[in-house]
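1. Take this sequence and fold it.
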Amino acid sequence: MSTTYLALTIGPIYKTLSGARKTRELWGGSYLFSYLMEQILEPFKDNDFIVPFIDKTLFDKEKKRTVGLFHDRAIFVAKEGDRKKLKNRIVEVLDELADNSPLDKKFVKNYFQINPVEVTLDDKENPILSITPYLDTAELFYRVAPYDESRLKKFLKEDNRYLKNRAFSSAEQKRGFPSLPEIALHELLESTDIRNYFAGRFDEEESVYEAAPYKKLIRSYHKYVAIVHADGDNMGKVVESLKNKDFQAFSKALLEFGREATDVIKNFGGTAVFAGGDDLLFFAPVVDNGRTVFELCDAITEIFDDKMKPFNEKIEQNATLSFGIGITYYKYPLYEALERSRNLLAKAKNEKKEKNAIAFEVIKHSGQTFGTVIPKSDERLYKPFLNLTHYPQNRENDEEVFLHSLHHKLAQHTKTVAKIATMSNPEKRLKNFFDNYFNESGHDAYREFFDALVPLIIQAYARFHTPDTQKENDKEMDKAMQFVYAALRFKKFLLGDKS
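-> Numbers count the residues shown, from 1 in each chain. Below is the predicted model of the structure:
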């Protein structure tokens, strides 16, 4: 027996998002494609869907949803007459967009690439694997036509009420998508007085920080925001293992992941731009109420692992989630920050064979950068990293100075630390090292910090040092200390008073 499927892909998403200069433009571009997909699929909501999972509440126009949950591809079982119905629906949706925005019908027709395909498959075939090449081919035929791109920018930047009406309540529409300073300052805005002061000032980025009467509460990290890309690893293996009703269960798990991850991000003070399938794009403060963005990503990982658990039982290498985290100064060009975050995600997904990693980079106001790749797959190293970089609830004023001196002390004794970390009983030996070199009375307050640093050093050398290498300045040993330095510099960044 055979089944006929209809599938479609929509774009150009990357081209649209790469031109964003403000958060509202980025949100508008991302939400637009999700909204168009939602509108196109609505008349087919009673069909049997392979991807995405169709929850009838997704089409509830009374329920506001600020994040796009529909990704750029859809596959469903076709009924008689659906092919013509789908083509007509695409025209209707694009015409509606033109009628409710500054975009005319000629522009809409030339710019948006919505490619439907019809495929008949034997019921033994995997529809996702079999139809994906057809969609890939359809995307290659991008029509290049002249158009006034400034119209799209104007729509996304100034006149996107068409999208706001669907996404925000009437009370939220005036504010719309938050600016970078608003996200970065989230933990301070929980105070009513501070929130009322900043209300309406976030577009005046020059004066948000400098003219604030609450300037003494603003720490250096409040001028930085985390731009995070996340993507599933080994998802192709999961798809290959799916059979029959597994497809809907898999799509439902991804929908639930997107919804729950969005809630966790929101509770942290962040804002999701896109949450479709196993892909996430969101903004987040660096710290919120004592938790760092790394701890936020850890919470999102737990949700993903839980949703993928029944599918991972059927494959050899688990489906996991990797992250690219770009932490940038609020004035840094958004389109460049987005590109760097996307590249960091690619770097994380190239982490040896395991993937399942976090690649992060901090771009300081001065232009200096630092970062590393954190292998989440290596629990012995990952947990010490989270422990060391956790934001202290009761911070001391001189901690930044202490970290600065510690960094230099380690740099002076790298070879000694490397030897100790690769010897037997390294934990006791490293504690003795720190006791000897930090033996002043003022250092007693940092014993807990050393207790967190020691396992990080040991596990960094366990991962990056090759035992058969004799040279003390071995490149792999340098990688271990580079990892430790990145963790220490991030800790110092959190505790610093200067941007």
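2. quick one, what contacts the residue nearest to residue 73 when sequence neighbours are not counted?
-> Counting by CB to CB, 6 or more residues apart in numbering, residue 73 lies nearest to residue 9, which is 5.1 Å off, once chain neighbours are set aside. The way it works is simple: take the backbone N, C-alpha and C, and place the C-beta from them, glycine included. Contacts for residue 9 (CB atoms under 8 Å, 6 or more residues apart in numbering) come out as 72, 73, 113, 114, 115, 135, 138, 139.
3. now, which of the residues you listed lie within strands?
-> 73, 113, 114, 115 (DSSP state E).
4. Closest to residue 252 out of those residues?
-> Within these, distances to residue 252 taken as CB to CB reach their minimum at residue 73, with 16.4 Å.
5. I figured that closest one hits residue 135, correct?
-> Yes: with contact defined as CB atoms under 8 Å, residue 73 counts as touching residue 135 (6.0 Å).
6. on that earlier part again, buried set for the helix or strand harbouring the residue nearest to residue 73?
-> In this assignment (DSSP states H and E), residue 9 forms part of strand 2-11. Neighbour counts over strand 2-11 (16 or more other CB atoms under 10 Å) mark 5, 6, 7, 8, 9, 10, 11 as buried.
7. For the ones in strands among the contacts of residue 9, give me TSV that also has distance to residue 320.
-> What follows is the ones in strands among the contacts of residue 9, written out as TSV (distance: CB to CB, whole Å):
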residue	distance to residue 320
73	22
113	31
114	32
115	31
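8. pLDDT and neighbour count added to the residues you listed, as CSV?
-> Listed next are these as CSV, based on pLDDT from 0 to 100; neighbours: other CB atoms under 10 Å:
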residue, pLDDT, neighbour count
73, 95, 22
113, 91, 16
114, 93, 21
115, 92, 19
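9. so who does residue 301 touch?
-> 320, 321, 376.
10. does it count as helix, strand or coil?
-> What DSSP: H, G, I helix; E, B strand; the rest coil gives for residue 301 is helix.
11. Strands along the chain, start to end?
-> 2-11, 49-51, 73-77, 113-122, 224-233, 271-276, 279-285, 287-288, 291-292, 320-329, 357-363, 369-375.
12. For the ones you listed, give me CSV that also has distance to residue 433.
-> Compiled in CSV, those are given as follows (distance: least, CB to CB, whole Å):
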stretch, distance to residue 433
strand 2-11, 56
strand 49-51, 55
strand 73-77, 55
strand 113-122, 60
strand 224-233, 33
strand 271-276, 44
strand 279-285, 36
strand 287-288, 30
strand 291-292, 27
strand 320-329, 31
strand 357-363, 28
strand 369-375, 23
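13. can you pull out the helices in the stretch 201-350 of the chain?
-> Ranges of helices within the stretch 201-350 of the chain are 205-210, 235-241, 246-268, 293-312, 334-349, based on DSSP state H, counting those that start in this stretch.
14. nearest to residue 410, of these?
-> Distance to residue 410, taken as CB to CB, is lowest for helix 293-312 among these, at 21.4 Å.
15. can I have that closest one written out in PDB, keeping just the CAs?
-> Taking C-alpha atoms only, helix 293-312 is exported to PDB below (Å, rounded to 0.1, in the frame of the first residue of the first chain):
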ATOM      1  CA  VAL A 293      23.100  31.600  31.600                       C
ATOM      2  CA  PHE A 294      25.000  28.300  31.800                       C
ATOM      3  CA  GLU A 295      22.600  27.100  34.500                       C
ATOM      4  CA  LEU A 296      19.700  28.200  32.300                       C
ATOM      5  CA  CYS A 297      21.100  26.000  29.400                       C
ATOM      6  CA  ASP A 298      21.500  23.100  31.900                       C
ATOM      7  CA  ALA A 299      17.800  23.400  32.800                       C
ATOM      8  CA  ILE A 300      16.900  23.400  29.100                       C
ATOM      9  CA  THR A 301      19.100  20.400  28.500                       C
ATOM     10  CA  GLU A 302      17.200  18.500  31.200                       C
ATOM     11  CA  ILE A 303      13.900  19.200  29.500                       C
ATOM     12  CA  PHE A 304      15.300  18.000  26.100                       C
ATOM     13  CA  ASP A 305      16.800  14.900  27.600                       C
ATOM     14  CA  ASP A 306      13.400  14.000  29.300                       C
ATOM     15  CA  LYS A 307      11.500  14.500  26.000                       C
ATOM     16  CA  MET A 308      14.000  12.400  24.000                       C
ATOM     17  CA  LYS A 309      14.300   9.600  26.600                       C
ATOM     18  CA  PRO A 310      11.900   7.100  24.900                       C
ATOM     19  CA  PHE A 311      13.500   7.700  21.500                       C
ATOM     20  CA  ASN A 312      17.100   7.400  22.800                       C
END
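16. hang on, the earlier thing: give me the common contacts of residue 73 and residue 135.
-> Shared contacts of residue 73 and residue 135 (CB under 8 Å, 6+ apart): 7, 8, 9.
17. can you tell which of the helices of the stretch 201-350 of the chain is closest to residue 87?
-> Across the helices of the stretch 201-350 of the chain (criterion: CB to CB), the nearest stretch is helix 246-268, sitting at 24.0 Å.
18. low-scoring pLDDT stretches of this protein, where are they?
-> 62, 142-149, 158-160, 169-176, 200-207, 211-212, 393-401, 440-445, 466-477, 497-499 (pLDDT under 70).
19. Mind splitting it into its structural domains?
-> Domains of the chain are assigned by automatic domain parsing as 2-170, 220-377, 399-495.
20. Just the terminal-to-terminal distance for the second one.
-> Right, domain 220-377. 31 Å (CA to CA, to the nearest Å).
21. Return the distance of that domain from the chain's centre.
-> Centre-to-centre, domain 220-377 and its host chain are 4 Å apart (CA atoms, centre = their mean, to the nearest Å).
22. nearest to residue 199, of the strands of the chain?
-> strand 271-276 (16.8 Å).
23. Just list what the closest one packs against, helices and strands only.
-> helix 23-41, helix 246-268, strand 279-285 (3 or more CB pairs under 8 Å, 6 or more residues apart in numbering; DSSP states H and E).
24. Just the CA atoms of the second one, as CSV, please.
-> Output for helix 246-268, consisting of C-alpha atoms alone and laid out as CSV, is shown next (Å, rounded to 0.1, in the frame of the first residue of the first chain):
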residue,chain,number,x,y,z
ASP,A,246,6.3,7.1,16.4
PHE,A,247,6.3,10.1,14.1
GLN,A,248,3.5,11.9,15.9
ALA,A,249,4.9,11.0,19.3
PHE,A,250,8.3,12.4,18.2
SER,A,251,6.7,15.6,16.8
LYS,A,252,4.7,16.0,19.9
ALA,A,253,7.8,15.6,22.1
LEU,A,254,9.5,18.4,20.2
LEU,A,255,6.5,20.7,20.5
GLU,A,256,6.4,20.1,24.2
PHE,A,257,10.1,20.8,24.4
GLY,A,258,9.7,24.1,22.7
ARG,A,259,6.9,25.2,24.9
GLU,A,260,8.5,24.1,28.2
ALA,A,261,11.9,25.6,27.2
THR,A,262,10.2,28.9,26.3
ASP,A,263,8.7,29.0,29.8
VAL,A,264,12.0,28.3,31.5
ILE,A,265,13.7,31.0,29.4
LYS,A,266,10.9,33.5,30.3
ASN,A,267,11.2,32.6,34.1
PHE,A,268,14.9,33.3,33.9
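25. Can you list the buried residues in it?
-> Buried, per 16+ other CB under 10 Å, within helix 246-268: 246-248, 250-255, 257-262, 264-265, 268.
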